[in-house]
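J.: build me a model:
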Amino acid sequence: MTSPWTSAHVAAIDRDKAAIVPAFADAPRPLGGSDLYYWDMWPVQNPDGTIASIAGRHLWMALTAPDRGDPAARHFEARIRWLEQVDGSWVDRGAVLPPAAVPYEREWAGSALLDEGRVTLFFTGAGSAQRAGGYQQMLFEAHGAVAADGSIGNWTVPTPSIRTLIPEYCPADAHEGEPGRIKAFRDPAFFRDPADGADYLVFTASLAATTSDYNGAVGLARRTSQGWALLPPIVHADNVNNELERAHIVARDGRYYLFWVTQHSTFSPDVAAGPTGLYGMVADGIAGPWRPLNGSGLVIANPDADPFRCYSWFVSAEGITAGFVDAPGGHGFVGAPAPLLQLVFDGDSVGLSAVALA
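T.: Alright, predicted model coming up:
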């Protein structure tokens with residue numbers, strides 16, 4: 001059964017008690033990439049969701065696009081690149097995937113798994129190679145071999161993870177649209193269930209059985225001997241919010257923590273909109289039922305005086321949380337990695353640690 005994130009949950013948000021993304025003095029773009037936007041970061045992870053060590057290095061991925069003076073245009077040229085943190089600075093290590101004949105136009109967000117000597121990249125293939133500028137979305141994956149020195153190469157040509165929908169999901173096949181209003185089938189995040197070892201993809205979706213334009217959902221697929229099999233959504237925000245973006249699950253202390261990000265602008269006009277922030281729910285098993293974290297779902301938020309400080313947080317099993325600078329303000333460049341945050345877990349509550357990460 002799909003668990004709802006309701007208008008009553010959103011109404012329970014107490015901004016005076018909410019964890020606020022801390023201010024930071026500067027957030028430069030990675031070394032070697034001053035002419036690029038960076039957003040939607042994620043680390044290469046072990047099967048348990050912890051950040052992987054590859055020959056002693058922690059490697060991350062991020063969406064990138066040329067800085068053409070219009071941050072909104074970045075979505076139409078997005079490519080995934082490697083990032084590494086060295087001596088407290090992010091360093092651009094180049095493109096992840098080599099050029100290939102693929103049906104999509106550009107690469108949107110996903111996740112990366114290190115398992116049995118190879119890295120699997122799960123990501124969103126956006127648009128159509130036949131017609132530029134579309135909002136079509138499909139889930140893809142590619143595999144790269146890890147050499148003895150830790151280098152990753154010999155990538156396979158990306159192939160679709162899922163080719164056919166089930167009735168519970170809207171297709172994300174429209175060419176026309178606008179950010180925040182499109183339907184979703186994107187952001188695949190790998191999760192291995194510690195209860196039985198089953199593999200899942202968690203992703204951003206849109207609920208089909210609705211009359212509302214605000215029908216965001218969290219989708220789920222399970223790996224079978226025949227490939228990934230879609231299951232019904234595990235959470236929906238019908239008539240509440242259009243986008244539960246970058247959904248992913250973290251297992252800790254016998255509980256399952258589902259996180260997503262959303263923006264103030266994507267809430268339904270019929271709802272007292274929450275802030276742009278990181279949200280989530282918790283359950284005792286992947287099937288749910290899912291309960292809103294902190295009573296409302298809100299985990300961390302941008303401050304009212306700086307509503308675009310950061311966005312698109314991704315949480316590892318250690319609670320390390322990465323986001324990006326969504327608007328420059330006094331923080332440096334738009335489209336730069338924000339300082340990492342540390343979350344603290346306590347049953348059905350998740351908050352922000354008072355200890356800052358480098």
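J.: all contacts plus neighbour counts: C-alpha atoms, from now on.
T.: Will do.
J.: tell me how many other residues crowd Arg57.
T.: 12 (other C-alpha atoms under 10 Å).
J.: so who does it touch?
T.: Glu84 (C-alpha atoms under 8 Å, 6 or more residues apart in numbering).
J.: how about it, phi and psi?
T.: Per-residue torsions, Arg57: phi -120, psi 140 (degrees, to the nearest 10).
J.: ok, Phe345 next?
T.: phi -110, psi 130.
J.: can you pull the contacts of the closest residue to it other than its chain neighbours?
T.: Excluding its sequence neighbours, the residue lying closest to Phe345 (C-alpha to C-alpha, 6 or more residues apart in numbering) is Gly351, at 6.7 Å. Contacts here follow C-alpha under 8 Å, 6+ apart; on that basis Gly351 touches Ala19, Val299, Ile300, Leu343, Val344, Phe345.
J.: by neighbour count, which of these wins?
T.: Val299 (26 neighbours).
J.: correct me, but that one touches Tyr279?
T.: Yes. If you go by C-alpha atoms under 8 Å, Val299 and Tyr279 touch, sitting 5.1 Å apart.
J.: overlap of the contact sets of those two?
T.: Both Val299 and Tyr279 are contacted by Leu293, under the criterion C-alpha under 8 Å, 6+ apart.
J.: all the helices of this protein, residue numbers only.
T.: 7-11 (DSSP state H).
J.: as a quick check, tell me the outermost residue of it.
T.: Within the chain, Ala148 marks the point farthest from the mean C-alpha position, 29.8 Å out by C-alpha atoms, centre = their mean.
J.: just give the closest residue to that one, not the sequence neighbours.
T.: In space, Ala148 is closest to Ala55, 8.0 Å off (C-alpha to C-alpha, 6+ apart).
J.: and the gap between the one you found and Gly117?
T.: When distance is defined by C-alpha to C-alpha, to the nearest Å, Ala55 is 12 Å away from Gly117.
J.: just Gly94 next, same as before
T.: As judged by C-alpha to C-alpha, Gly94 and Gly117 stand 21 Å apart.
J.: and if you look at Ala8?
T.: In terms of C-alpha to C-alpha, Ala8 sits 46 Å off from Gly117.
J.: what of Tyr311?
T.: 32 Å.
J.: more neighbours: which of these two?
T.: It is Tyr311, of Tyr311 and Gly117, that has more neighbours when counted by other C-alpha under 10 Å, with 25 against 14.
J.: for the more buried one, what are its contacts?
T.: Val261, Thr276, Gly277, Gly323, Phe324, Val325, Asp326.
J.: do the same with Ser268
T.: Tyr214, Asn239, Val240, Asn241, Asn242.
J.: for Arg74, see how far away it is.
T.: Ser268 is 26 Å from Arg74, by C-alpha to C-alpha.
J.: same check, this time on Asp284
T.: 38 Å.
J.: kindly report the same for Pro30.
T.: From Pro30 to Arg74 the distance is 17 Å (C-alpha to C-alpha).
J.: check Glu116 too.
T.: Counting by C-alpha to C-alpha - Glu116 and Arg74 are separated by 34 Å.
J.: same question for Ala109.
T.: The gap separating Ala109 from Arg74 is 13 Å, by C-alpha to C-alpha.
J.: Ala23: neighbour count?
T.: Using other C-alpha under 10 Å, the number of residues around Ala23 comes to 13.
J.: neighbours around the residue nearest to Glu243 when sequence neighbours are not counted, how many?
T.: With sequence-adjacent residues excluded and distances taken as C-alpha to C-alpha, 6+ apart, Glu243 is closest to Gly216, at 4.7 Å. By the criterion of other C-alpha under 10 Å, Gly216 has 30 neighbours.
J.: distance check, Gly216 against Leu298.
T.: For Gly216, the distance to Leu298 (C-alpha to C-alpha) stands at 16 Å.
J.: ditto for Gln226
T.: Using C-alpha to C-alpha, one gets 37 Å for the distance from Gln226 to Leu298.
J.: quick one: which of these two has more around it?
T.: Shown here are Gln226 and Leu298; by other C-alpha under 10 Å, Leu298 has more neighbours (31 against 6).
J.: who are the contact partners of that one?
T.: Leu298 neighbours (C-alpha under 8 Å, 6+ apart): Ile13, Ala18, Gly277, Leu278, Tyr279, Gly280, Pro292.
J.: now it: how far from Leu352?
T.: Taking C-alpha to C-alpha as the measure, Leu298 falls 12 Å from Leu352.
J.: same question for Ser7.
T.: Separation of Ser7 from Leu352 (C-alpha to C-alpha): 24 Å.
J.: likewise for Pro47?
T.: From Pro47 to Leu352 the distance is 25 Å (C-alpha to C-alpha).
J.: with Ala95 instead?
T.: In terms of C-alpha to C-alpha, Ala95 sits 32 Å off from Leu352.
J.: Pro292 touches Gly280, doesn't it?
T.: Yes. If you go by C-alpha under 8 Å, Pro292 and Gly280 touch, sitting 6.2 Å apart.
J.: tally of neighbours for Gly332?
T.: 17.
J.: just checking, it touches Pro28?
T.: Yes. Counting by C-alpha under 8 Å, Pro28 is a contact partner of Gly332 at 5.8 Å.
J.: from Thr321, how far off is Asn154?
T.: 30 Å.
J.: now swap in Cys170 and tell me
T.: 30 Å.
J.: okay, these two: which has more neighbours?
T.: Between Cys170 and Thr321, counted using other C-alpha under 10 Å, Thr321 has the larger neighbour count: 22 against 19.
J.: who does the more buried one bridge with?
T.: Val315, Leu341 (DSSP bridges).
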